[in-house]
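Engineer: here is my input; please provide its structure:
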Amino acid sequence: MKKIISLIEVAVSAIVSIMLLIIFSIFCINVISRYIFSTSFGWTIEFSLILWLWVIFLSASFTLKDSDHVSLNSFVNIFPEKIKAIFKAISLLILCISAIFMIEPVWDYIDFLLIRPSDILGIPMKYIFIVYMIFLASLIIKSGFSIFEILIRLKNKKIT
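Structural biologist: From the prediction side, this is the model:
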């Protein structure tokens, strides 16, 4: 299972890198068109914003590790490893349950956005914001696996 997750993370990292390259290329096109040809393409800004949204949520979904974010855990650090693991499992469970409760209202809103296209490119907003559902699904799955790992380690007494 870890190999599959690792392959997905590598693939998404490559996709995100390509998206960032496209964003930079579009930025260069816009700068050249504005300062050399004295005109601006409206689609460049909209397409860059759409790609940026996808970059952020895909990166947060698949490429960030637990150690990649800032955490304020000075309170938790005073406890032994077993209690820390229990705190982590509880916080992951709360995160997972919250994400599960968000699925229906978020999907309803994204489905509602099908009727509205983007201003310049005409892409239905549903297809732009569907990346948030991917983010929620990955958050639930990753949290669930982490909780499962913690419980297995606690059961096998690998955390003292």
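Engineer: quick check: buried residues in stretch 109-126?
Structural biologist: For stretch 109-126, burial by neighbour count (16 or more other CB atoms under 10 Å) applies to Ile110, Leu113, Ser118, Met125, Lys126. In this view, the C-beta of every residue, glycine as well, is placed from N, C-alpha and C.
Engineer: just name the closest of those to Trp43, please.
Structural biologist: Distance to Trp43 across the buried residues of stretch 109-126 (CB to CB) is lowest for Ser118, with 9.6 Å.
Engineer: tell me the phi and psi of Pro117?
Structural biologist: Main-chain dihedrals, Pro117, degrees, to the nearest 10: phi -90, psi 160.
Engineer: list the contacts for it?
Structural biologist: Applying CB atoms under 8 Å, 6 or more residues apart in numbering to Pro117 gives the contacts Ile123, Pro124, Met125.
Engineer: secondary structure for these - can I get that in JSON lines?
Structural biologist: Shown next, in JSON lines, are the contacts of Pro117 (DSSP: H, G, I helix; E, B strand; the rest coil):
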{"residue": "Ile123", "secondary structure": "coil"}
{"residue": "Pro124", "secondary structure": "strand"}
{"residue": "Met125", "secondary structure": "helix"}
